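1. Got a predicted structure plus its sequence, pasted below:
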Amino acid sequence: SGSEVARARSVGFTTHVCASEAGAVDVGGERAVARLDRLGLVRPGTVAAHAVFADASDRDLLADRGMGAAHCAAATMLLGGTSSPLGALRDAGVAVGLGLDNATLNATADMGAEMRQALMFDRVAGTGHARATAHEIFARAAAASSRTEPAEYVLALTLTRECLDARRVGRRDACWGCFR
């Protein structure tokens, strides 16, 4: 599987987690994050894209295991999301970066626009004890969603060079908004 390849090569991967209410729980009733944990995938280097419908136990598990999250504000709003998970994830201690989701929801892959959307979304529909600041949003746009110790963000480019190169030559199927 993709996760086994990632682990064997010591690289991370991103998976969509709790992007919808229905997607937060599998058909057997198990929470999606708990299932990923049972499979050994909730770990540093794995990034939970979205996490909009992650509950408190999901967020605590992500934080405890060092798995980061990618907040995709524009995609969440386009899909009808009514709350920004940024504050709740931050308050739980989850390392959060900004993500661009995919070309069907964010065709321009414009991190500047995503930063603005994340700031506005958090201010009008935020969770957690405090609203995001422009400084925090900028830092999260540059943060890889992994950490070596609590509250320490590792700076990295949000779009990899491969993504930028693919975009330059018109490949729309490239790894939009990936974290490495």
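-> Yes, it's here.

2. Please, where are all the helices along the chain?
-> Ranges of helices within the chain are 2-8, 32-38, 56-65, 73-78, 86-92, 111-125, 134-141, 161-168, based on DSSP state H.

3. low-scoring stretches of this protein, by residue?
-> Residues of the chain meeting the criterion pLDDT under 70: 1-3, 6, 103-107, 143-180.

4. Excluding chain neighbours, what is closest to the spatially most central residue of the chain?
-> For the chain, Ala70 is the residue whose C-alpha lies nearest the centre (C-alpha atoms, centre = their mean; 1.3 Å). Spatial nearest neighbour of Ala70, chain neighbours left out: Gly99 (3.1 Å); criterion: C-beta to C-beta, 6 or more residues apart in numbering. C-beta: built from backbone N, CA, C; applies to glycine.

5. since we're on that neighbour, how many residues are nearby?
-> 31 (other C-beta atoms under 10 Å).

6. what separates it from Leu41, distance-wise?
-> Noted for Gly99: a distance of 18 Å to Leu41, by C-beta to C-beta, to the nearest Å.

7. With Asp122 instead?
-> From Asp122 to Leu41 the distance is 27 Å (C-beta to C-beta).

8. is it true that Gln117 touches Cys72?
-> No: Gln117 is beyond contact range of Cys72, at 9.3 Å (criterion: C-beta atoms under 8 Å).

9. Mind checking which of these two has more residues around it?
-> A count of neighbours by other C-beta under 10 Å puts Cys72 above the other of Gln117 and Cys72, at 29 against 23.

10. List the contacts of Phe138.
-> Met115 (C-beta atoms under 8 Å, 6 or more residues apart in numbering).

11. Correction: the previous question concerned Ala34.
-> 57-58, 61.

12. Just put the helices of the chain in CSV and tack on distance to Ser20.
-> Converted to CSV, the helices of the chain look like this (distance: least, C-beta to C-beta, whole Å):
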stretch, distance to Ser20
helix 2-8, 21
helix 32-38, 10
helix 56-65, 14
helix 73-78, 10
helix 86-92, 17
helix 111-125, 16
helix 134-141, 23
helix 161-168, 25
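
13. what's the closest of those to Val47?
-> Val47 sits nearest to helix 56-65 of all the helices of the chain, at 9.9 Å, using C-beta to C-beta.

14. Report the buried residues of that closest one.
-> 58-59, 61-63, 65 (16 or more other C-beta atoms under 10 Å).

15. thinking again about what came up before, how much space between the residue nearest to Ala70 and Ala74?
-> Counting by C-beta to C-beta, the separation of Gly99 from Ala74 is 10 Å.

16. and if you look at Val11?
-> Separation of Val11 from Ala74 (C-beta to C-beta): 26 Å.

17. Which one's more surrounded, those two?
-> The residue with more neighbours, out of Val11 and Ala74, is Ala74; 21 against 10, by other C-beta under 10 Å.
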